[in-house]
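Colleague: What shape does this take:
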Amino acid sequence: MAMVKLRGMFGSMFVKLFLALSLASLLVFSGQMYSALGSSRQALMQQKSEDMTMFMEQTGQYLDLYLQNIRNILISVSDRMNDDLLANPVAMQRMLQEQIERNIGIVSFLYIQTDDGTIVSSNQLAYGVVGHPQLPGLFRISEETYGQVKWSEPYYSPMLTDQTIAFAIGFKNRPGKVLAEINRGKEVVYRFASNSLGDRTERIDLIYDGGAALSCLGLGGSEAAVLTTDRKLLQVDLVKGTVGTTAVLPAGADLTQLHCVLDQNTLVASDREGAVYVVNGEGDGIRRLDGIRLSSNDASIVRLDGERIIFSGVNDEILMYDLPSERCVTLNVKTPSIKGRAFRATLTGGAVLADGTMVGGTADGLLFTLSPDQHKVTAYGRLYSSGQLRNFIKLNGDSILGVYGGGRDAGHVFHYSRDGSFVDWGRPRVIKDNIQLYSLDSEWASIHVISCLAYSQEDDCLYVASGEQYGCVIRYQGNGFAVKRCLES
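Modeller: Predicted structure coming up:
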C-alpha cells in the first residue's frame, strides 16, 4: 500500500512540474555561474597583464635612470683624462677615489686603462695585492661601440669577492678607457632630488652607507630624523644632502619606528615589542617609559604638546602620558568603535588642530575628535568597511589630510575640516582632463598603496608617495589640489 502511495505521489502533475522547474532553474543557474566564472577569470588575467606591463615599464624607467647615472660617472672621468693625468698614476688614483666617494652607492671600483695597457684602480693597493685577471677582457667591451656605455655579463670579481657587472666606455679621439664595477647592493640611505617644476628625478645622492632607513620623521624646515638598520639615528639636511649628527643607540634599544617630535631635539620612538622610548636626537640619552607598551604594530603615538602624548591602551582605552611627571592616566572617554569590534579601536594616527582639538583615526577606519580638555569624543564614522586611518598631516590650523587604508590596501586620501567634516578625496591618480596633461606620460602614476603624504605651505603643494615596489610621487597644487606634475622616483 505504501509503495502505491509513493508511486502515486511521484506521478502527480504538481511533483513533475516542480521537478521540471527545479531542473531548469539548476541548469540556468549553472550556466550563469559558469559565465560569471569565465568573465571573472578573463578580468583577472587582463588586470594581471596590465599590472605586469606597468611594472615592466617602470622597471625600464628605473634602469634608464641607473644607466644614465653610470654613464655620467664614466664620462666625467673620461673628460678629465688628458696626457698629463695619464702620465701621473698617483693623480689618476686620487681622481678615481674622489669619484668613488661621490658615487659609492652606485659603483664600488673605477679603473682606467691607458693606451699602453697599464691599469690604474681607485684602490690601487687592493688591486696590486688581490689582482683582477678579468679586467683586460672587460675593457675590450668598450671597443665594440666607441662613445657608448657597454656592459658585461655577470662575473666573479676578486675585488668584491662576489658576482657583479662591469660598465665601460671608450672614445676614439681620447686616450684611455674607463671601467666601473657596480655596487653589490648594500644597505644605504639615498636622497632623491627633483626640481619643484620638473617631472623627473634629477639627482640621486648617497648620504649614508652604514644601513638602510627604517623610519623617517620631519624635524621642521629642511631637516629630518632617519632611523637606520645599524642602530643609528641620523639628522639629515634634505636640501644640502648632508648628515649633521649621528646618534648611536645603546644595546637593547632595538627601535623600529619614530612617532613624533616633542621639541627640536627630542623624539618619541618604539621598538618591535611595542615599548616606548624618548630619544635625544643628538645622542645624549635614551629613556624607556616604564609601564607603557603599544597594543599593535599599527598603533600610533600623537603629540598633544611638548610634554604630553596620547596613545591607545587595551581595546578602546585612551591613555595620556605626562613626561615631566612620568605619569600615565586613562581618560574617561574612549575611542569610537563598531559594536563588537572594540579590539579594532586602536589609535593609528592623529594630529592636533590650532585650538588644541585632537583629530584621530582608528584601525577600523573611524575618525573622531578629542576636545582640548580631553573630556569629550565626537565620532564621524568611517568611509568604507575596512582599512585604517593613518599618516595625518596638517594643512592649516583647522584642517588635516590623511591616508585611508593600511599598507596593503588600495589607499585613499581623506580630508577633515571644521567646515567640511570628513570627506574622501579618492585615490591619487593622474586624469588627463585638459590639454596640458594630454601629452604627459602618466600611466604609471596611478597609486594603489600609499606610502605617505607631505604638504608644502610655501607653494601649496600636496605630495602623495607610492608604497609599491615601483614607486612614484604625484604632486597636486592649488585649489582642490588639481594635479600639476608627476615625479618619477
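
Colleague: The closest residue to Gly426 other than its chain neighbours pairs with what?
Modeller: Leaving out its chain neighbours, the residue that sits closest to Gly426 by Cβ to Cβ, 6 or more residues apart in numbering is His412, at 5.8 Å. Placement of C-beta: from N, CA and C, glycine included. With beta bridges defined as DSSP bridges, His412 has these partners: Tyr404.

Colleague: show me where the stretch 151-300 of the chain has strands.
Modeller: Taking DSSP state E, counting those that start in this stretch as the criterion, the stretch 151-300 of the chain carries its strands at 155-157, 162-164, 166-170, 177-182, 189-193, 203-208, 213-220, 223-228, 232-237, 242-248, 255-263, 266-271, 275-280, 286-293.

Colleague: so which helix or strand takes in Gln68?
Modeller: Using DSSP states H and E, Gln68 sits in helix 13-80.

Colleague: and Glu223, how far is that from Pro336?
Modeller: Glu223 sits 36 Å away from Pro336, going by Cβ to Cβ, to the nearest Å.

Colleague: higher neighbour count, those two?
Modeller: Pro336 (20 against 16; other Cβ atoms under 10 Å).

Colleague: how about that one, phi and psi?
Modeller: phi -70, psi 150 (degrees, to the nearest 10).

Colleague: Can you pull the domain assignment for the protein?
Modeller: Per automatic domain parsing, the structural domains of the chain span 76-182, 427-489.

Colleague: if we compare those domains, which one ends up closest to Gly252?
Modeller: Evaluated with Cβ to Cβ, those place domain 427-489 nearest to Gly252, the distance being 28.9 Å.

Colleague: for the record, mean pLDDT for the closest one?
Modeller: Per-residue pLDDT over domain 427-489 has a mean of 68.

Colleague: same thing with stretch 194-202?
Modeller: Stretch 194-202 comes out with an average pLDDT of 65.

Colleague: and if you look at stretch 322-333?
Modeller: On average, the pLDDT along stretch 322-333 is 91.

Colleague: Which parts of the stretch 351-489 of the chain are helices?
Modeller: Along the stretch 351-489 of the chain, counting by DSSP state H, counting those that start in this stretch, helices occupy 435-438.

Colleague: what's Arg344 in contact with, if anything?
Modeller: Ser337, Ile338, Thr362, Ala363, Asp364 (Cβ atoms under 8 Å, 6 or more residues apart in numbering).

Colleague: Among these, which one sits closest to Asp355?
Modeller: Using Cβ to Cβ, Thr362 comes nearest to Asp355 of the contacts of Arg344, at 22.1 Å.

Colleague: Count the neighbours of the closest residue to that closest one other than its chain neighbours for me.
Modeller: In space, Thr362 comes closest to Ala345 once its chain neighbours are excluded; the distance is 5.1 Å by Cβ to Cβ, 6+ apart. Ala345 has 24 neighbours, counted by other Cβ under 10 Å.

Colleague: Please give me every residue in contact with Ala345.
Modeller: Ser312, Asn315, Asp316, Lys334, Thr335, Pro336, Ser337, Thr362, Ala363, Asp364, Leu366.

Colleague: for the closest residue in space to Asp419 that isn't next to it in sequence, what are its contacts?
Modeller: Of all residues beyond its chain neighbours, the one nearest Asp419 is Asp398 (7.8 Å), with distances taken as Cβ to Cβ, 6+ apart. When contacts are counted by Cβ under 8 Å, 6+ apart, Asp398 touches Leu353, Ala354, Ser417, Arg418, Asp419.

Colleague: Just the buried residues of these.
Modeller: Buried members of these, counted by 16 or more other Cβ atoms under 10 Å: Leu353, Ser417.

Colleague: State the distance from Arg341 to Gly426.
Modeller: From Arg341 across to Gly426, the span is 26 Å (Cβ to Cβ).

Colleague: ok, those two, which is more surrounded?
Modeller: Arg341 (14 against 10).

Colleague: which residues touch the residue nearest to that one when sequence neighbours are not counted?
Modeller: Spatial nearest neighbour of Arg341, chain neighbours left out: Asp364 (5.9 Å); criterion: Cβ to Cβ, 6+ apart. By Cβ under 8 Å, 6+ apart, the contact set of Asp364 is Ser337, Ile338, Arg341, Arg344, Ala345, Arg382, Gln388.

Colleague: wait, the last one sits on Thr362?
Modeller: Yes - between Gln388 and Thr362 a contact is recorded at 6.9 Å, counting by Cβ atoms under 8 Å.

Colleague: neighbour-wise, which of these two wins?
Modeller: Remark: of Gln388 and Thr362, Thr362 carries more neighbours, 29 against 26, as counted by other Cβ under 10 Å.

Colleague: so what's that one up against?
Modeller: Thr335, Pro336, Ser337, Arg344, Ala345, Thr346, Leu347, Thr348, Phe368, Gln388, Leu389.

Colleague: do Thr256 as well
Modeller: Thr256 touches Leu214, Ser215, Leu227, Ser270, Asp271, Arg272, counting by Cβ under 8 Å, 6+ apart.
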